[in-house]
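>>> Sequence and predicted model, in that order:
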Amino acid sequence: MTTHRHTTTRESYDTVATDYEMLLRDELAKSPFERAMLGVFAERVLAAGGGRVADLGCGPGRITGHLASLGLDICGIDLSPQMVAVARWAHPRLRFDVGTMTALDFADGCLAGALAWYSTVHTPLAELPEVFEEFHRVLAPGGLLALAYKVGDESVHLGHAYGHPLDLDVYRFPPDRIAELLGDAGLLESARLVREADGPGTPASTPQAYVLARKPE
């Protein structure tokens, strides 16, 4: 079901896609915490035998491309058609498709790993159970989920960012509550890294959390 929030989120990211890719293209090189957790995620998926991985809410594909460079067989899914178009341009050897995290076009249990790297930040806490249940559905037994999100218990409205007018609500989540919701969906948190903010005006201007969770065998 398409909601007003889905529509405004899609339209906002369609508007900023090209500038977003350009502005954030090299941000991962400045974020050792993110690289560390992404590296652990990739290593554990490969150690378990590898398999298909999906970057859910992939944006312009910068994390998708990084994980591919670490050896993962990965594809990207995003709500925004323009983001998908930019991702295909930036990473022509990888597959990117338009889709939504609440109705993924994957068979039950087909993924060795899934990633939602800041892609749940526009979903209210009350709607996360549906998202996490869908993640559980597509993961194979033993499959690994990686999450990144902003820490807190409030939301912020973005009316302008990346040089463009937007209409986005950005939600922050308490880590213990996220672990509880993951558990309710059948996904067991196995690692958590919470980092403090770097300061105003930086990409990490609020505390951030990086989580690994596993679907039991």
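Alright, I've got the coordinates. Residues are numbered from 1 along each chain as shown.
>>> Low-confidence ranges, the protein, go.
1-2, 158, 160-161, 164, 199-204 (pLDDT under 70).
>>> Can you show me the strands along it?
Counting by DSSP state E, the chain has strands at residues 52-56, 73-78, 95-98, 111-117, 139-150, 155-161, 164-171, 188-195, 208-214.
>>> Now Glu43. Nearest residue, chain neighbours left out?
Computed as Cβ to Cβ, 6 or more residues apart in numbering, the closest residue to Glu43 that is not its neighbour in sequence is Leu70, at 7.9 Å. Yep, even glycine has a C-beta here, placed from its N, CA and C like the rest.
>>> Could you do Leu67 as well?
Leu67 sits nearest to Ile74 (Cβ to Cβ, 6+ apart), 5.1 Å away.
>>> OK, contacts around the one you found?
Under the criterion of Cβ atoms under 8 Å, 6 or more residues apart in numbering, the contact list for Ile74 reads 52-55, 64, 67-68, 94.
>>> Gly61 versus that one, what's the distance?
Separation of Ile74 from Gly61 (Cβ to Cβ, to the nearest Å): 10 Å.
>>> Overlap of the contact sets of those two?
Residues touching both Ile74 and Gly61 (Cβ under 8 Å, 6+ apart) are 55, 94.
>>> one step back: next, format the contacts of Ile74 as a markdown table and append distance to Glu21 and neighbour count.
Formatted as a markdown table, the contacts of Ile74 follow (distance: Cβ to Cβ, whole Å; neighbours: other Cβ atoms under 10 Å):
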| residue | distance to Glu21 | neighbour count |
| --- | --- | --- |
| Arg52 | 24 | 18 |
| Val53 | 21 | 25 |
| Ala54 | 20 | 27 |
| Asp55 | 14 | 30 |
| Thr64 | 12 | 28 |
| Leu67 | 17 | 24 |
| Ala68 | 16 | 20 |
| Leu94 | 14 | 19 |
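>>> Lovely, talk soon.
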